[in-house]
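> Structure for this input, please:
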Amino acid sequence: MLNWKNKTAAAQPSTATPAAARRLLPGNGLAKVASGVLSAYLVGALVVGWYWSLEPERLAVLEVAQQSAEQAGVQRVTGYTTAETLQQVARTLLDKPGGYLSNDLAPPGLWLDNMPNWEYGVLVQVRDLARALRKDFARSQSQSTEDADLARAEPRFNFDNDSWALPASEDEYRAAIRSLERFQMRLADPAQSQAQFHARADNLRNWLTDVETRLGSLSQRLSASVGQLRLNTDNAGALPGSGEEVVKTPWLQIDDVFYEARGQAWALAHFLRAIEVDFADVLAKKNATVSVRQIIRELEAAQEPLWSPMVLNGDGFGILANHSLVMANYISRANAAIIDLRQLLEQG
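Model (predicted):
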């Protein structure tokens, strides 16, 4: 005989929803789809961001300049290699994987900071060489008229590096490159006499002075990664109470300074290779060719791959490495060699 209580309970419908039924509910299905899409997007953004963060390969300066001259059907005259190298370095900022990232407003470019700092370092050296072209290399003396195309190129390279639109930074930099191309074609055209490039020791010294200032500042900023008690040499004791100060780079800015230094070193190594070609006679006369090559060697050593997933900031002689101090060593050695080079160029 059946228990009437069990029969009554069995007859009543169950209020519990089985697990299989819960999995079929529309809300749960949409949530799982959204979660899967988001996970796939994050993984894809991570891979793309890693690829975009790879630093560009070294350019073959002389070969690129020779190929450019052959394609244009012109002779590679003095100054052609420097102008071509400046263009190629600037194009690398715009055409490398991921393009120009400093003004990105969307992921994964928005999440990256190492490559934008590398780009800024390259841009600093591009601006300095563009100014030297306009101010010194393309003028025979201080009272000479500046080249019109170079006068248009330099301010465009000095446009804000993080402008997204109206105008975008890339548009200004491409316009500057086009101005450099026009100068380069006129320089290589025997029928044109206005475009000039004066490979003189005094012109080269002026540019090297700017380079020396940049590298000296970089070396100090890199060395400040561990914090140092320094004498304040900025005002040479002109202000009271300014004898000593503690200088330390904020923790979140250590990798920014490191990658800016790598960018400047990358660009400067290419420019010095171009200078070695266009100023070959001057350097040989001053016995300075070896000095230029030593500077290039130090700068290229600073481009060795970073095998650590992050920029380490060990304390001096501590257990962990300090990548900023290693970079500061290469930058300081290159800066010291530049000082020696300028002294050689000053000799009669």
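> in the chain, which helix or strand is least confident?
Lowest by mean pLDDT, DSSP states H and E among the helices and strands of the chain is helix 4-11, with a mean of 44.
> Am I right that residue 208 is in contact with residue 340?
No - here residue 208 lies out of contact with residue 340, judged by Cβ atoms under 8 Å, at a distance of 10.5 Å. Where you see a C-beta, it was placed from the backbone N, CA and C, and this is true even at glycine.
> Of those two, which one has the most company?
Neighbour comparison, residue 208 and residue 340: the larger count goes to residue 208, with 20 against 13 (by other Cβ atoms under 10 Å).
> so what does the helix or strand encompassing the more buried one touch, helix or strand wise?
Secondary-structure element containing residue 208, defined by DSSP states H and E: helix 201-223. When contacts are defined as 3 or more Cβ pairs under 8 Å, 6 or more residues apart in numbering; DSSP states H and E, helix 201-223 packs onto helix 114-132, helix 254-278, helix 323-346.
> State the number of residues packed around residue 31.
One way to gauge burial is a neighbour count; for residue 31, by other Cβ under 10 Å, it gives 11.
> now do the one 5 residues further on
Other residues lying near residue 36 total 10 when counted by other Cβ under 10 Å.
> go on, residue 126?
Taking other Cβ under 10 Å as the definition, residue 126 ends up with a neighbour count of 23.
> Kindly report the same for residue 282.
Neighbour tally, residue 282, other Cβ under 10 Å: 18.
> Would you mind measuring from the closest residue to it other than its chain neighbours to residue 343?
Of all residues beyond its chain neighbours, the one nearest residue 282 is residue 201 (5.2 Å), with distances taken as Cβ to Cβ, 6 or more residues apart in numbering. The span separating residue 201 from residue 343 equals 12 Å under the rule Cβ to Cβ, to the nearest Å.
> Between the two, which is the more surrounded one?
The residue with more neighbours, out of residue 201 and residue 343, is residue 201; 19 against 13, by other Cβ under 10 Å.
> mind checking how far that one is from residue 104?
The gap separating residue 201 from residue 104 is 43 Å, by Cβ to Cβ.
> I'd assumed residue 322 was in contact with residue 223.
No - taking Cβ under 8 Å as the definition, residue 223 is not a contact partner of residue 322, at 9.7 Å.
> circling back to that earlier point, possible to save the helices and strands packed on helix 201-223 as a markdown table with mean pLDDT?
Output for those, formatted as a markdown table (pLDDT from 0 to 100):
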| stretch | mean pLDDT |
| --- | --- |
| helix 114-132 | 96 |
| helix 254-278 | 96 |
| helix 323-346 | 94 |
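> Residue 108 is nearest to which of these?
Closest of those to residue 108 is helix 114-132, at 10.5 Å (criterion: Cβ to Cβ).
> So residue 36 versus residue 108, what's the distance?
As for residue 36, its distance to residue 108 is 19 Å (criterion: Cβ to Cβ).
> what's near enough to touch residue 340?
With Cβ atoms under 8 Å, 6 or more residues apart in numbering as the criterion, the residues that contact residue 340 are residue 291.
> in which helix or strand would I find residue 28?
helix 26-52.
> quick check: mean pLDDT across that helix?
Confidence over helix 26-52, taken as the mean pLDDT, stands at 78.
> Show me what it is packed against.
Secondary-structure packing of helix 26-52 (3+ Cβ pairs under 8 Å, 6+ apart): no helix or strand packs against it.
> for it, which positions count as buried?
Residues of helix 26-52 classed as buried under the neighbour-count rule (16 or more other Cβ atoms under 10 Å) are 45, 48, 49, 52.
> the inter-axis angle of that helix versus helix 114-132?
Put simply, helix 26-52 runs at 40 degrees to helix 114-132, going by axes from the mean of the first three to the mean of the last three Cα atoms, to 10 degrees.
> picking up where we left off before, the residue nearest to residue 282 reaches residue 345, doesn't it?
Yes - under the contact definition of Cβ under 8 Å, residue 201 touches residue 345, with a separation of 4.6 Å.
> Now for these two: what residues contact both?
Common neighbours of residue 201 and residue 345 (criterion: Cβ under 8 Å, 6+ apart): 282, 286.
> what sits against residue 49?
If you count contacts by Cβ under 8 Å, 6+ apart, residue 49 has them with 107, 108, 109, 111, 112.
> Could you identify the least confident member of these?
Ranked by pLDDT, the contacts of residue 49 bottom out at residue 109 (76).
> That one: what's it in contact with?
Shown here is residue 109, whose contacts under the criterion Cβ under 8 Å, 6+ apart are 49, 52, 98, 101.
> again with residue 276
Listed by Cβ under 8 Å, 6+ apart, the contact partners of residue 276 are 283, 289, 292, 293, 296.
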